[in-house]
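1. Quick one, structure for this:
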Amino acid sequence: MDELLQQAMDAIRTGDWDRGRRLLVNILNEDLDNETAWLWLAAVVEGERRRHCLEQVLRINPDNQAAQKGLAELAGTSVEPAEVEADTQPPPAVDDAPSPEISAEEE
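-> A predicted model of the protein is given here:
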């Protein structure tokens, strides 16, 4: 599972959001409590899907500052900057990047 997660993170970092998203969905199909997979998936989806992913992170770990910050940003409020390990921190959302969507069969 760790190898798949690393592959997903690498794919997303290099801009292959579709592959990264597919790998993350596969990971979550096996382990719904994978905090890091939910956090990275939140980075490559939008709107209510992003909110759902961040809420799942907080279900698993209510103290996750990156998820708290992400939800605050979605709500239009701010929180103190999160201190998250570089290996687990998802990439920042890119406003001019294409808008990835998860198909119904991938969810």
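2. And the pLDDT for A75?
-> On pLDDT, A75 comes in at 87.
3. Distance of it relative to E30?
-> Counting by Cβ to Cβ, to the nearest Å, the gap from A75 to E30 is 31 Å. Any C-beta I mention is one placed from the backbone N, CA and C, and that applies to glycine too.
4. And for C53?
-> Taken as Cβ to Cβ, the span from C53 to E30 is 16 Å.
5. Ok, D16 next?
-> 21 Å.
6. out of these two, which sits in the more crowded spot?
-> The residue with more neighbours, out of D16 and E30, is D16; 14 against 10, by other Cβ atoms under 10 Å.
7. Okay, buried residues for the strand or helix carrying R49 please.
-> R49 is part of helix 47-60, with elements assigned from DSSP states H and E. Neighbour-count burial for helix 47-60 flags 49-51, 53-54, 56-58, 60 (criterion: 16 or more other Cβ atoms under 10 Å).
8. Closest to D2 out of the residues you listed?
-> Set against D2, the nearest of those by Cβ to Cβ is I60 (16.7 Å).
9. Please name the nearest non-neighbouring residue to the closest one.
-> E35 (4.5 Å; Cβ to Cβ, 6 or more residues apart in numbering).
10. Run a quick neighbour tally on that neighbour.
-> 18.
11. Next up, the contacts around it.
-> Neighbouring residues of E35 by Cβ atoms under 8 Å, 6 or more residues apart in numbering: 57, 60-61, 64.
12. Quick check: the two most widely separated of the residues you listed?
-> Greatest spatial distance in those: I60 and N64, 7.6 Å, computed using Cβ to Cβ.
13. What helices and strands are in contact with the helix or strand of the chain at the bottom of the mean pLDDT ranking?
-> Counting by mean pLDDT, DSSP states H and E, the chain has its least confident helix or strand at helix 65-75, which shows a mean of 93. Contact here means 3 or more Cβ pairs under 8 Å, 6 or more residues apart in numbering; DSSP states H and E; on that basis helix 65-75 packs against helix 35-43, helix 47-60.
14. can you give me the angle the helix holding R49 makes with helix 65-75?
-> Angle of helix 47-60 versus helix 65-75, following axes from the mean of the first three to the mean of the last three Cα atoms, to 10 degrees, is 150 degrees.
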